[in-house]
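1. model this:
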Amino acid sequence: MREFIENTVERLIFASRWLLAPVYLVLCVSLAFVALKVLQEFLHILPKAMDMDNKDMMMFLLHIVDFALVGNLILMIIFAGYENFVSKITVARTSEDKPSWMGKVDFSELKLKLIASIVAISGINLLETFMDLSHKTDREIQWMIIIHLVFIASGVFLAVMDYVASKTTSHEV
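-> Sure thing, here's the model as predicted:
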């Protein structure tokens, strides 16, 4: 009887990973929203493209790069999170379009890739701000820089912790 209860509990715990599947589906829909927003920005700028000065064109391009980085971040979370925590994506196994990193990114690598993406997104936002300083107060700019530096420091600390953990683990084995 004890073994039956233990097996049942373990099956339930193991099956609970599927509760994350809706989260990844919502992220897929969110990725579609990012794509729609890029198209909306493009259609909005298209009639004005020939009359834009360099600064406005750069601002538009930085917005698109920002969306691309956010989209990449979402996709990375979907693929790596689903494969690490829910199930392998078997339909991708034979696809020639399968990203080379798919199925190889563990949780530690995912954390580092996420923080690197966040730092890049924050850097793009800072660059946009620096290109048009008139829309931000000195205090807002100061806080943006502080937050960006905190993201960078967090990334460095995560990388150092992972490095130390990998060295500690490899010595114990």
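
2. so how many other residues sit close to F130?
-> By the criterion of other C-beta atoms under 10 Å, F130 has 12 neighbours. C-betas here are computed from N, CA, C, even on glycine.

3. how about I13?
-> 9.

4. from I115, how far off is it?
-> According to C-beta to C-beta, to the nearest Å, I13 stands 29 Å off from I115.

5. is the residue sitting nearest the centre point of the chain in a helix, a strand, or coil?
-> Nearest residue to the geometric centre of the chain (C-alpha atoms, centre = their mean): L73, 2.3 Å. Of the three states, L73 takes helix according to DSSP: H, G, I helix; E, B strand; the rest coil.

6. settle this for me: it is touching I121, isn't it.
-> Yes: when contacts are counted by C-beta atoms under 8 Å, L73 is listed as touching I121 (7.4 Å).

7. Three-state assignment for L69, please.
-> Using three-state DSSP, the structure places L69 in helix.

8. what distance do you get for it to L114?
-> L69 sits at a distance of 11 Å from L114 (criterion: C-beta to C-beta).

9. counting contacts, what elements does the longest helix seen in the chain pack onto?
-> In the chain, with assignment by DSSP state H, the single longest helix is helix 138-172. Counting by 3 or more C-beta pairs under 8 Å, 6 or more residues apart in numbering; DSSP states H and E, the packing neighbours recorded for helix 138-172 are helix 107-131.

10. poorly predicted segments of the protein, please.
-> Counting by pLDDT under 70, the chain contains low-confidence residues at 169-173.

11. and the gap between the residue nearest to the centre of the chain and E83?
-> Taking C-beta to C-beta, one finds L73 at 16 Å from E83.

12. now do the contacts for the residue nearest to I115 when sequence neighbours are not counted.
-> Closest residue in space to I115, ignoring its immediate chain neighbours: G155 at 4.0 Å, by C-beta to C-beta, 6 or more residues apart in numbering. Contacts for G155 (C-beta atoms under 8 Å, 6 or more residues apart in numbering) come out as 112, 115-116, 118-119.
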